[in-house]
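*Asks:* Got a predicted structure plus its sequence, pasted below:
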Amino acid sequence: MHALFDRNWKGLGIDLSPLPHAARMFSCVGCFWVLLSSALVAICSFSFISPAWIVKDHLKNKDSVSFGLLWHCSESLDHMYRCYTFGGLGRFQEIPSSSWQTSAVLCSGGCALLAVSSLLAIITIFLPGGACERRICTLAGYMQMAAVFIMAFGLLVYPFGLNSNLVKSFCGDSDIYYAGECQIGWGYMLAIVGVMLTLFLPFFAKYAPKEQLSPTPLPTLL
């Protein structure tokens, strides 16, 4: 009966054969991988431009200050907030510590790699399952792993700049991995959380291809 029904429709030029499973479904792991990658790019970028990596609150009628990778800010007792850039185009050498310069290069490079890998992840959503999709997922996973190591090294290098003269003028007796009268700010902590979450991206990239959805064939009943 079903065979007769199919022949009648095929005679009208209509193919009722089912679409391949991987071709008509998105990979749940792949979609989660794309969303997490995009969110971590936003977190990375936001923490990179944040001026609150090292902060000092109001103390003894003094202004509060905060330091980031590219600038430092101060808030007076009358709540006037001012920010000053360390460097910029053509003024990168004005960043007060070579450690902070290295950290800025590493963190920005890691963010760039993460952004490119996120773009590749988005592209895989629109690709059919196959060798091309697997290669792009693998490439994006390697890029994300490299971004983890690069940004983690940048975060480890940053505290070496706490012994610079500029930081000591605000934070007192600060030294490498010791902030003195200052403390770790939310920008630096956000960057650490972002790097820790990025560790999971290469794992998701491995299982992101749509062909992972292919159902296991049922044993033939004799």
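*Replies:* Here it is on my side, so go on.

*Asks:* Contacts only, for Ala115.
*Replies:* 41, 45 (Cβ atoms under 8 Å, 6 or more residues apart in numbering). No exception for glycine: its C-beta is placed from N, CA and C like everyone else's.

*Asks:* so it, which of the three states?
*Replies:* With DSSP: H, G, I helix; E, B strand; the rest coil as the basis, Ala115 sits in helix.

*Asks:* That one and Glu181: what is the separation?
*Replies:* Using Cβ to Cβ, to the nearest Å, Ala115 is found at 36 Å from Glu181.

*Asks:* next one: Leu119
*Replies:* 43 Å.

*Asks:* now the strands for this protein?
*Replies:* 54-56, 64-67, 71-75, 81-85, 183-184 (DSSP state E).

*Asks:* Turn the ones you listed into JSON lines, columns for mean neighbour count.
*Replies:* Shown next, in JSON lines, are those (neighbours: other Cβ atoms under 10 Å):
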{"stretch": "strand 54-56", "mean neighbour count": "24"}
{"stretch": "strand 64-67", "mean neighbour count": "23"}
{"stretch": "strand 71-75", "mean neighbour count": "18"}
{"stretch": "strand 81-85", "mean neighbour count": "11"}
{"stretch": "strand 183-184", "mean neighbour count": "13"}
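
*Asks:* Go through the ones you listed and name the closest to Glu94.
*Replies:* Of all the strands of the chain, strand 81-85 sits nearest to Glu94, with 8.0 Å by Cβ to Cβ.

*Asks:* before we move on, the earlier item: would you format the strands of the chain as JSON lines with mean pLDDT and distance to Gly161 included?
*Replies:* Output for the strands of the chain, formatted as JSON lines (pLDDT from 0 to 100; distance: least, Cβ to Cβ, whole Å):
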{"stretch": "strand 54-56", "mean pLDDT": "87", "distance to Gly161": "9"}
{"stretch": "strand 64-67", "mean pLDDT": "82", "distance to Gly161": "9"}
{"stretch": "strand 71-75", "mean pLDDT": "77", "distance to Gly161": "12"}
{"stretch": "strand 81-85", "mean pLDDT": "72", "distance to Gly161": "16"}
{"stretch": "strand 183-184", "mean pLDDT": "88", "distance to Gly161": "13"}
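
*Asks:* mind listing what Ala152 touches?
*Replies:* Val195.

*Asks:* try Gln144
*Replies:* Residues in contact with Gln144 (Cβ under 8 Å, 6+ apart) are 37, 113-114, 117, 198, 201-202, 205.

*Asks:* now do Glu181
*Replies:* Glu181 makes contact with 56, 59, 170-172, 174, according to Cβ under 8 Å, 6+ apart.
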